[in-house]
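Undergrad: need the 3D shape of this:
(chains A and B)
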Amino acid sequence: LAKTTQPISMDSYEGQEVNITCSHNNIATNDYITWYQQFPSQGPRFIIQGYKTKVTNEVASLFIPADRKSSTLSLPRVSLSDTAVYYCLVGDGTGTASKLTFGTGTRLQVTL
Amino acid sequence: EAGVAQSPRYKIIEKRQSVAFWCNPISGHATLYWYQQILGQGPKLLIQFQNNGVVDDSQLPKDRFSAERLKGVDSTLKIQPAKLEDSAVYLCASSLRPREQYFGPGTRLTVT
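TA: Alright, predicted model coming up:
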(Lines give C-alpha, C1' and ligand atoms only; values in the text may rest on other atoms or scores of the structure.)
Protein backbone atom coordinates (compact mmCIF):
# COMPACT_ATOMS: atom_id res chain seq x y z
CA LEU A 1 0.00 0.00 0.00
CA ALA A 2 1.50 3.29 -1.13
CA LYS A 3 2.22 5.69 1.71
CA THR A 4 1.39 8.77 -0.38
CA THR A 5 -0.70 9.63 -3.43
CA GLN A 6 -0.18 12.80 -5.45
CA PRO A 7 -1.14 13.93 -8.96
CA ILE A 8 1.19 12.76 -11.69
CA SER A 9 1.40 16.16 -13.34
CA MET A 10 0.18 19.75 -13.13
CA ASP A 11 0.40 22.75 -15.42
CA SER A 12 0.47 26.40 -14.42
CA TYR A 13 1.13 29.81 -15.87
CA GLU A 14 3.86 32.02 -14.55
CA GLY A 15 2.74 34.24 -11.70
CA GLN A 16 -0.02 31.94 -10.49
CA GLU A 17 -0.22 30.18 -7.13
CA VAL A 18 0.16 26.42 -7.37
CA ASN A 19 -1.24 23.98 -4.83
CA ILE A 20 -0.14 20.35 -4.90
CA THR A 21 -2.11 18.01 -2.67
CA CYS A 22 -0.79 14.77 -1.24
CA SER A 23 -2.91 12.05 0.36
CA HIS A 24 -1.45 9.97 3.18
CA ASN A 25 -4.35 8.14 4.81
CA ASN A 26 -2.13 5.81 6.85
CA ILE A 27 0.12 8.45 8.39
CA ALA A 28 1.46 7.37 11.79
CA THR A 29 1.59 9.45 14.94
CA ASN A 30 5.35 10.01 14.72
CA ASP A 31 5.38 10.75 10.98
CA TYR A 32 6.23 14.12 9.52
CA ILE A 33 5.33 15.36 6.04
CA THR A 34 8.29 16.48 3.97
CA TRP A 35 8.41 17.90 0.46
CA TYR A 36 11.32 17.79 -1.96
CA GLN A 37 11.88 19.41 -5.36
CA GLN A 38 13.92 17.85 -8.15
CA PHE A 39 15.17 19.52 -11.30
CA PRO A 40 16.37 17.43 -14.27
CA SER A 41 19.86 16.00 -13.83
CA GLN A 42 20.03 17.09 -10.18
CA GLY A 43 19.40 15.44 -6.85
CA PRO A 44 16.25 16.31 -4.90
CA ARG A 45 16.25 19.45 -2.76
CA PHE A 46 14.48 19.81 0.58
CA ILE A 47 11.69 22.40 0.43
CA ILE A 48 9.64 22.22 3.61
CA GLN A 49 8.40 19.91 6.33
CA GLY A 50 5.61 19.98 8.89
CA TYR A 51 3.73 17.96 11.45
CA LYS A 52 0.40 19.78 11.72
CA THR A 53 -1.38 23.05 10.85
CA LYS A 54 0.63 25.43 8.69
CA VAL A 55 4.30 25.94 8.03
CA THR A 56 5.74 28.71 5.89
CA ASN A 57 9.26 29.48 4.73
CA GLU A 58 10.79 31.68 2.07
CA VAL A 59 10.02 29.14 -0.65
CA ALA A 60 6.61 27.62 0.10
CA SER A 61 3.79 27.00 2.54
CA LEU A 62 2.58 23.65 3.78
CA PHE A 63 -0.99 23.18 4.96
CA ILE A 64 -1.89 20.14 7.06
CA PRO A 65 -5.47 19.58 8.28
CA ALA A 66 -6.23 18.34 11.76
CA ASP A 67 -6.65 14.70 10.71
CA ARG A 68 -3.24 14.82 8.93
CA LYS A 69 -4.49 12.46 6.19
CA SER A 70 -3.51 14.91 3.50
CA SER A 71 -1.31 17.94 3.00
CA THR A 72 -1.01 20.73 0.44
CA LEU A 73 2.18 22.32 -0.78
CA SER A 74 1.54 25.89 -1.89
CA LEU A 75 3.97 27.70 -4.19
CA PRO A 76 3.15 31.40 -4.44
CA ARG A 77 3.56 33.15 -7.78
CA VAL A 78 5.46 30.44 -9.64
CA SER A 79 8.06 31.22 -12.28
CA LEU A 80 9.47 29.17 -15.14
CA SER A 81 12.29 28.06 -12.82
CA ASP A 82 9.78 26.26 -10.59
CA THR A 83 9.28 23.66 -13.33
CA ALA A 84 10.36 20.48 -11.57
CA VAL A 85 9.14 17.26 -9.96
CA TYR A 86 7.76 17.66 -6.44
CA TYR A 87 7.79 14.75 -4.02
CA CYS A 88 5.69 14.33 -0.88
CA LEU A 89 7.23 12.05 1.75
CA VAL A 90 5.77 10.76 4.98
CA GLY A 91 7.81 9.31 7.82
CA ASP A 92 10.08 10.25 10.65
CA GLY A 93 13.19 9.22 8.75
CA THR A 94 14.90 7.61 11.69
CA GLY A 95 15.05 4.04 10.50
CA THR A 96 13.53 1.07 8.71
CA ALA A 97 10.16 1.28 10.40
CA SER A 98 9.44 4.80 9.24
CA LYS A 99 11.78 5.48 6.39
CA LEU A 100 11.15 8.33 3.99
CA THR A 101 9.94 6.88 0.69
CA PHE A 102 9.88 8.82 -2.56
CA GLY A 103 6.91 8.10 -4.82
CA THR A 104 6.74 9.09 -8.47
CA GLY A 105 6.10 12.72 -7.56
CA THR A 106 4.16 15.49 -9.30
CA ARG A 107 5.66 16.94 -12.42
CA LEU A 108 4.91 20.68 -12.47
CA GLN A 109 5.21 22.49 -15.79
CA VAL A 110 5.16 26.29 -15.66
CA THR A 111 4.69 28.23 -18.89
CA LEU A 112 4.42 31.87 -19.90
CA GLU B 1 29.43 25.27 2.88
CA ALA B 2 30.47 22.57 0.43
CA GLY B 3 27.74 20.22 -0.73
CA VAL B 4 27.71 16.47 -1.13
CA ALA B 5 30.35 15.38 -3.61
CA GLN B 6 30.04 12.33 -5.82
CA SER B 7 32.26 10.75 -8.42
CA PRO B 8 32.29 9.79 -11.14
CA ARG B 9 29.43 11.76 -12.69
CA TYR B 10 29.00 9.31 -15.54
CA LYS B 11 29.97 5.68 -16.03
CA ILE B 12 29.38 3.26 -18.88
CA ILE B 13 30.15 -0.42 -18.34
CA GLU B 14 29.23 -3.73 -19.88
CA LYS B 15 27.02 -6.19 -18.06
CA ARG B 16 28.82 -8.49 -15.65
CA GLN B 17 31.50 -5.86 -15.03
CA SER B 18 32.06 -4.18 -11.67
CA VAL B 19 31.68 -0.53 -10.79
CA ALA B 20 32.18 1.63 -7.71
CA PHE B 21 30.81 5.01 -6.77
CA TRP B 22 32.24 7.38 -4.21
CA CYS B 23 30.50 9.91 -1.97
CA ASN B 24 31.82 12.60 0.35
CA PRO B 25 29.03 13.97 2.57
CA ILE B 26 28.69 17.42 4.05
CA SER B 27 31.09 17.83 6.95
CA GLY B 28 29.49 16.92 10.25
CA HIS B 29 26.54 15.04 8.78
CA ALA B 30 26.29 11.74 10.62
CA THR B 31 23.70 10.15 8.36
CA LEU B 32 24.48 9.09 4.80
CA TYR B 33 22.14 7.59 2.23
CA TRP B 34 22.51 5.90 -1.13
CA TYR B 35 19.57 6.00 -3.52
CA GLN B 36 18.91 4.48 -6.93
CA GLN B 37 16.79 6.52 -9.32
CA ILE B 38 15.56 4.84 -12.47
CA LEU B 39 14.39 7.17 -15.25
CA GLY B 40 10.86 8.41 -14.62
CA GLN B 41 10.74 7.14 -11.04
CA GLY B 42 11.42 8.63 -7.64
CA PRO B 43 14.63 7.81 -5.78
CA LYS B 44 14.66 4.44 -4.03
CA LEU B 45 16.63 4.10 -0.81
CA LEU B 46 19.31 1.42 -1.03
CA ILE B 47 21.13 1.90 2.25
CA GLN B 48 21.26 4.32 5.17
CA PHE B 49 24.27 4.75 7.46
CA GLN B 50 24.41 6.42 10.84
CA ASN B 51 28.09 7.25 11.31
CA ASN B 52 29.69 4.03 10.07
CA GLY B 53 26.86 1.71 11.13
CA VAL B 54 24.06 0.50 8.85
CA VAL B 55 20.57 1.68 9.87
CA ASP B 56 18.61 0.31 6.92
CA ASP B 57 19.72 -1.86 4.00
CA SER B 58 16.42 -3.65 3.47
CA GLN B 59 16.22 -2.64 -0.21
CA LEU B 60 19.87 -3.28 -1.09
CA PRO B 61 20.28 -6.27 -3.46
CA LYS B 62 22.98 -7.82 -1.35
CA ASP B 63 23.89 -10.49 -3.87
CA ARG B 64 25.45 -7.84 -6.10
CA PHE B 65 25.48 -4.52 -4.25
CA SER B 66 27.68 -3.60 -1.32
CA ALA B 67 28.37 -0.37 0.50
CA GLU B 68 30.67 0.79 3.21
CA ARG B 69 31.30 3.98 5.10
CA LEU B 70 34.81 4.24 6.36
CA LYS B 71 35.47 6.16 9.58
CA GLY B 72 31.94 7.56 9.42
CA VAL B 73 32.75 9.97 6.59
CA ASP B 74 33.21 8.94 2.94
CA SER B 75 31.25 6.08 1.46
CA THR B 76 31.52 3.77 -1.53
CA LEU B 77 28.79 1.81 -3.27
CA LYS B 78 29.82 -1.15 -5.40
CA ILE B 79 27.97 -3.26 -7.93
CA GLN B 80 29.46 -6.61 -8.86
CA PRO B 81 28.45 -7.95 -11.34
CA ALA B 82 26.30 -5.31 -13.02
CA LYS B 83 23.08 -6.13 -14.84
CA LEU B 84 21.27 -4.17 -17.51
CA GLU B 85 18.55 -3.21 -15.03
CA ASP B 86 21.13 -1.45 -12.85
CA SER B 87 21.21 1.41 -15.33
CA ALA B 88 20.11 4.38 -13.24
CA VAL B 89 21.31 7.46 -11.43
CA TYR B 90 22.89 6.70 -8.08
CA LEU B 91 22.37 9.50 -5.59
CA CYS B 92 24.18 10.05 -2.34
CA ALA B 93 22.66 12.22 0.37
CA SER B 94 23.64 13.26 3.88
CA SER B 95 21.75 14.80 6.74
CA LEU B 96 22.09 16.31 10.17
CA ARG B 97 18.35 16.09 10.84
CA PRO B 98 16.45 12.93 9.75
CA ARG B 99 14.10 14.44 7.21
CA GLU B 100 16.27 17.20 5.76
CA GLN B 101 18.58 15.44 3.34
CA TYR B 102 21.12 17.10 1.10
CA PHE B 103 21.69 15.33 -2.18
CA GLY B 104 24.73 15.18 -4.39
CA PRO B 105 24.59 15.52 -8.19
CA GLY B 106 24.46 11.76 -8.70
CA THR B 107 26.30 9.27 -10.88
CA ARG B 108 24.60 8.22 -14.09
CA LEU B 109 25.35 4.56 -14.74
CA THR B 110 24.70 2.95 -18.11
CA VAL B 111 25.07 -0.82 -18.36
CA THR B 112 25.29 -2.15 -21.92
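
Undergrad: which ones are touching B:E68?
TA: Under the criterion of Cβ atoms under 8 Å, 6 or more residues apart in numbering or on different chains, the neighbours of B:E68 are B:S75, B:T76. In short, each C-beta sits where N, CA and C put it, glycine included.

Undergrad: longest strand anywhere in chain B?
TA: Ranked by residue count under DSSP state E, the longest strand found in chain B is strand B:88-97.

Undergrad: which residues touch that strand?
TA: In contact with strand B:88-97 (Cβ under 8 Å, 6+ apart) are residues A:43-44, A:93, B:4, B:6, B:21, B:23, B:25-26, B:28-39, B:43, B:75, B:77, B:101-104, B:106-109.

Undergrad: before we move on, what about stretch A:47-57?
TA: For stretch A:47-57, contacts defined as Cβ under 8 Å, 6+ apart pick out A:32-37, A:59-64, A:66, A:68, A:71, A:73, A:86, B:99-100.

Undergrad: show me which residues of that stretch are buried.
TA: By neighbour count, with 16 or more other Cβ atoms under 10 Å in any protein chain shown as the criterion, the buried positions of stretch A:47-57 are A:I47, A:I48, A:Q49, A:G50, A:V55.

Undergrad: tell me which parts of chain A are close to chain B?
TA: Counting by Cβ under 8 Å from any Cβ of the partner chain, the residues of chain A close to chain B are A:32, A:34, A:36, A:41-46, A:49, A:85, A:87, A:89, A:91-96, A:99-105.

Undergrad: which of those residues fall in helices?
TA: The members of the residues of chain A next to chain B all map outside helices under DSSP state H.

Undergrad: report the buried members of those residues.
TA: Among the residues of chain A next to chain B, those classed as buried by 16+ other Cβ under 10 Å are A:32, A:34, A:36, A:43-44, A:46, A:49, A:85, A:87, A:89, A:91-94, A:99-103, A:105.

Undergrad: the residues you listed in strands, which ones?
TA: If you go by DSSP E, those have A:Y32, A:T34, A:Y36, A:F46, A:Q49, A:V85, A:Y87, A:L89, A:G91 in strands.

Undergrad: grab the most central residue of chain B for me.
TA: Central residue of chain B (Cα atoms, centre = their mean): B:W34, 3.2 Å from the mean position.

Undergrad: and the spatially closest residue to that one that is not a sequence neighbour, what element?
TA: Closest residue to B:W34 apart from its sequence neighbours, by Cβ to Cβ, 6 or more residues apart in numbering or on different chains: B:L46 at 4.6 Å. Element membership of B:L46 [criterion: DSSP states H and E] is strand B:44-50.

Undergrad: what lies in contact with that strand?
TA: Applying Cβ under 8 Å, 6+ apart, the external contacts of strand B:44-50 come out as A:95, A:99-102, B:30-38, B:54-57, B:59-60, B:65, B:67, B:69, B:72, B:75, B:77.
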